[in-house]
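dropping the sequence and predicted coords here.
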Amino acid sequence: MNTLTLNPGRLTALGRSELTLLVRNRAALTLAFLMPVLMVFVLRSSLSGVEGAQAVGEATLTGGIGMVLILVVYMNLVSAYVARREELVLKRLRTGEANDLEILAGTALPATALALGQIAVLAVAGAVALDVRMPRNPLLLVAAVLAGIVMLAGMSAVTSSFTRNVETAGITTLPLFLVTALGSGLFMPIDSLPDLAASLCELLPLSGVMTLVRAGWSGGVEGGDLLGAGLGALAWIVITVFAVQRWFRWEPRR
């Protein structure tokens, strides 16, 4: 990958172009707008046995934030990167002035903006609808969401390398979706699992981010756990950046 600088003008132009393509893709828009809402209802039903309305509401909202990150950023971007690669868009962009990071980040901009908007609406409207207090540490919550976006955008680029076409993107994204949904604390707290299972689940890519999200919303997480979650998220971001540099495909698979 070439120089890792970002030119705001080129980045904005690439993002605007990608937004136009996203708006024309009804399937992607449907996934981006409807699936997170439906999954929040699923989360609400699955957590109905938790004692206390506050606990249920907070768990629903933090789980919903995780689902937005997975569905809107990760799954949507895998399809975007694959489609642009197979249409030779990435190859053509590489022959111009934009560097690799600008191309990847520009493609991710619309999904990032959409995810941030949905999370903001979810935080405000969801808190009002479920009668849940607003986040105790908004800055930590924002930092956790941004870390999750960076990580999942990188993972979507890596996953696209092993995805033959847009039609198979639903298959190649399924493993991370299932592992995250079941093991990173979206549907149930990690500490409710047996000790060995909980220790393994804490090593999953989005587990650290979700710990920070819950801490930012509800508090009650000790400093050592916060540090561990932050370091875990940072480690996965570093691993993801290395994987993108090593395996990302700029030309169609043959």
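Cool, got the structure.

elements contacting the helix or strand where Gly57 lies?
Here Gly57, judged by DSSP states H and E, is contained in helix 53-68. Applying 3 or more C-beta pairs under 8 Å, 6 or more residues apart in numbering; DSSP states H and E, one finds that helix 53-68 contacts helix 26-46, helix 100-129, helix 207-218. From N, CA and C alone the C-beta is placed, and that goes for glycine too.

Three-state assignment for the nearest residue to Tyr81 once chain neighbours are set aside, please.
Among residues not flanking Tyr81 along the chain, Ser160 sits closest, at 3.8 Å (C-beta to C-beta, 6 or more residues apart in numbering). Assigned with DSSP: H, G, I helix; E, B strand; the rest coil, Ser160 falls in the helix class.

looking at the helix holding Gly57 now, give me its mean pLDDT.
Mean pLDDT, computed over helix 53-68, is 81.

for stretch 203-223, same thing?
The average pLDDT within stretch 203-223 is 88.

quick one: buried residues of that stretch?
204-218, 221 (16 or more other C-beta atoms under 10 Å).

and Val78, what pLDDT?
The per-residue pLDDT reported for Val78 equals 94.

secondary structure element for it?
For Val78, the element it lies in under DSSP H and E is helix 76-86.

hmm, who's touching that helix?
Helix 76-86 is contacted from outside by 18, 21-22, 28, 31-32, 90-91, 104, 107-108, 111, 114, 152-153, 156-157, 159-160, 163, 165-166, 169, 172-173, 249-253, using C-beta atoms under 8 Å, 6 or more residues apart in numbering.

got it, and stretch 152-163?
Stretch 152-163 is contacted from outside by 69-70, 73-78, 80-82, 85, 104-105, 108, 111-112, 169, 172-173, 176, 205-206, 237, 240-241, 243-244, 247-249, using C-beta under 8 Å, 6+ apart.

give me the distance between Ser218 and Ala147.
18 Å (C-beta to C-beta, to the nearest Å).

state the distance from Thr60 to Ala144.
Note on Thr60: its distance to Ala144, by C-beta to C-beta, is 17 Å.

which of these two has more neighbours?
Using other C-beta atoms under 10 Å as the criterion, Thr60 and Ala144 rank with Ala144 on top: 27 against 24.

list the contacts of the closest residue to the more buried one other than its chain neighbours.
Closest residue in space to Ala144, ignoring its immediate chain neighbours: Leu212 at 3.5 Å, by C-beta to C-beta, 6+ apart. Counting by C-beta under 8 Å, 6+ apart, Leu212 makes contact with Leu140, Leu141, Ala143, Ala144, Ala147, Leu226, Ala229, Gly230, Ala233.

quick check: Leu212 vs Thr60, distance?
Counting by C-beta to C-beta, the separation of Leu212 from Thr60 is 18 Å.

circling back: and the buried residues of stretch 203-223, which two are furthest apart?
Pairwise distances across the buried residues of stretch 203-223 (C-beta to C-beta) peak at 21.8 Å, for the pair Pro205 and Ser218.

what residues sit buried inside stretch 114-134?
Buried residues in stretch 114-134, counted by 16+ other C-beta under 10 Å: Leu114, Ala115, Leu116, Gln118, Ile119, Leu122, Ala123, Gly126, Ala127, Leu130, Val132.
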